[in-house]
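> Here is the input, now give the coordinates:
(one chain, ligands or ions: 1)
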Amino acid sequence: MSNPEIYSLNSRKVADATDEWLVKRGVTKLAIAELVHFLQKDYFPDLTPEECIVHVDAVLSKREVQNAVLTGIQLDILAEEGKLMAPLQDMIKYDEGLYGCDEILALSIVNVYGSIGFTNFGYIDKLKPGILVRLNDKSDGQIHTFLDDIVGAIAASAASRIAHRKQAEREGVTQPPLD
Ligand SMILES: [Mg+2]
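Below you'll find the predicted structure:
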């Protein structure tokens, strides 16, 4: 008989839940890949959004990233349902300017992929292209205070991964950096 007190981590479940919740919140991998393409198209004109999906998948395969996605989406949903404590409830609901924990959580994703990731994250956060327009639209009743930064961070990380890989290819390095 198994002891209910013993917690056993199931990595597959965490990965699957991450994929499911992104889709439930209206974020497809192609939508993230389009952001990656937006970030990298000037450097690699032959790159397609479809090609970028591979890199989005690689970023999403990391536990740090999955943890951030699940935590952020959970907080967004609790805010939608009005279940957070005051004053945090309203700070997240109204995406208050001085509340920066959403960006900080997203940085835990970017952290994995080095300084190009940081630069891209700041850039995409400022311009808010593609799906980030919808995630920032406050008029549809949904709250994406955390998810918009997380999606931007995944795209920025995938863009950084591409930049490092392409450079490694140019140099003929067989073992690419940043898996
Ligand atoms: Mg935000």
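> helices or strands next to the lengthiest helix in the chain in the packing?
Counting by DSSP state H, the longest helix found in the chain is helix 147-170. Contacts defined by 3 or more C-beta pairs under 8 Å, 6 or more residues apart in numbering; DSSP states H and E place helix 147-170 against helix 29-40, helix 49-60, helix 63-80, helix 101-110, helix 114-127, helix 131-135. (C-beta placed from N, C-alpha, C; glycine too.)
> Can you tell me which of these is most buried?
Of all the helices and strands packed on helix 147-170, helix 29-40 carries the top mean neighbour count, a mean of 23, counting by mean count of other C-beta atoms under 10 Å.
> could you give the angle of that helix to helix 49-60?
Helix 29-40 and helix 49-60 are oriented at 100 degrees to each other (axes from the mean of the first three to the mean of the last three C-alpha atoms, to 10 degrees).
> Quick check: mean pLDDT of helix 29-40?
The average pLDDT within helix 29-40 is 98.
> What lies in contact with that helix?
Defining contact as C-beta atoms under 8 Å, 6 or more residues apart in numbering, one finds that helix 29-40 is touched by 22, 47-50, 52-53, 55-57, 60, 120, 123-124, 129-132, 151-152, 154-156, 158-159, 162-163.
> And stretch 73-85, by the same measure?
With contacts defined as C-beta under 8 Å, 6+ apart, stretch 73-85 is touched by 21-22, 25, 89, 92-93, 141-147, 150.
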